[in-house]
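Novice: How does the following fold in three dimensions:
(one chain, ligands or ions: 1)
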Amino acid sequence: MLSSAPATIAVLASGSGSNFESLVLAARNGELGGEIAVLLCDHPSAPVLERARRLGIDALCPPAGRFRTRLEDERPWLEAMYARAVGTVLLAGFMRRLHGTLLVAFPDRILNLHPSLLPAFPGLEAIRCAWEHGVRVTGCTVHLVTADVDGGPILAQSAVDVREGESLASLEARIHEAEHELYPATVRRYLSQPWRREGRRFVFGTAENAHA
Ligand code: GAR
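Specialist: Numbers count the residues shown, from 1 in each chain. Model (predicted):
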């Protein structure tokens, strides 16, 4: 897959939004390969909304519905994206799984950032789970979003060594630092370089060996 026009991007986030901000700054510097047209958030009091205001990015909170772990109705979210001609969706700390409507509307066009080396520690509290487990290496992963939670094809990973006696807070800070590098760099590659899927494998290619 290869797009020639700069991509129009929506970011979905639920919380602090440090990754949203790193994506916006990369886009501003021409380092993302696309423009962030809108932030969609499921919590009207989330700090990411204040960041969007400060950064001058259009932000919306479409109704999230009654369920804690998924959107009850994805159609208002889809409509907000269609209204802005969004072609690529980036989840950045979005704490609900997606189901039919959005996955069908954006096949292989939704990316997620997860704070572990998947397939280890999927789901919530991944950094804490890895730290409590006593792993020596953890990190972060960028993957395609599919119906399989945190299970889609992997585009990139960054490893972070756990230091002897390291606190959870310190490990969290270092993983976030790695995320702020990995996500924009991977999005840029995804938007600017040919790629293809081979089963569950995501393959970056060259113009010669990837079908555009
Ligand atoms: C990030 O660590 C991201 O990997 C994680 O939430 C954090 C959001 O931080 N996402 C998940 O756990 C998704 N399952 P931020 O709001 O500061 O960008």
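Novice: Strands along this structure, start to end?
Specialist: 7-13, 34-41, 59-60, 88-91, 110-114, 137-144, 154-161, 195-198, 201-204 (DSSP state E).
Novice: could those strands be laid out in CSV, adding distance to R66?
Specialist: To be clear about C-beta, it is placed using only N, CA and C from the backbone, and glycine gets the same treatment. Converted to CSV, the strands of the chain look like this (distance: least, CB to CB, whole Å):
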stretch, distance to R66
strand 7-13, 19
strand 34-41, 17
strand 59-60, 19
strand 88-91, 21
strand 110-114, 23
strand 137-144, 28
strand 154-161, 32
strand 195-198, 34
strand 201-204, 34
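Novice: possible to save those strands as JSON lines with mean pLDDT, distance to the ligand and mean neighbour count?
Specialist: Shown next, in JSON lines, are the strands of the chain (pLDDT from 0 to 100; distance: least, CB to the nearest ligand atom, whole Å; neighbours: other CB atoms under 10 Å):
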{"stretch": "strand 7-13", "mean pLDDT": "98", "distance to the ligand": "6", "mean neighbour count": "25"}
{"stretch": "strand 34-41", "mean pLDDT": "98", "distance to the ligand": "10", "mean neighbour count": "22"}
{"stretch": "strand 59-60", "mean pLDDT": "98", "distance to the ligand": "14", "mean neighbour count": "19"}
{"stretch": "strand 88-91", "mean pLDDT": "98", "distance to the ligand": "7", "mean neighbour count": "24"}
{"stretch": "strand 110-114", "mean pLDDT": "98", "distance to the ligand": "4", "mean neighbour count": "23"}
{"stretch": "strand 137-144", "mean pLDDT": "98", "distance to the ligand": "6", "mean neighbour count": "22"}
{"stretch": "strand 154-161", "mean pLDDT": "98", "distance to the ligand": "11", "mean neighbour count": "17"}
{"stretch": "strand 195-198", "mean pLDDT": "96", "distance to the ligand": "22", "mean neighbour count": "14"}
{"stretch": "strand 201-204", "mean pLDDT": "98", "distance to the ligand": "18", "mean neighbour count": "14"}
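Novice: Tell me which of those strands sits nearest to P122.
Specialist: Closest approach to P122 among the strands of the chain (CB to CB): strand 110-114, 7.2 Å.
Novice: Next, the angle strand 7-13 makes with the closest one.
Specialist: 40 degrees (axes from the mean of the first three to the mean of the last three CA atoms, to 10 degrees).
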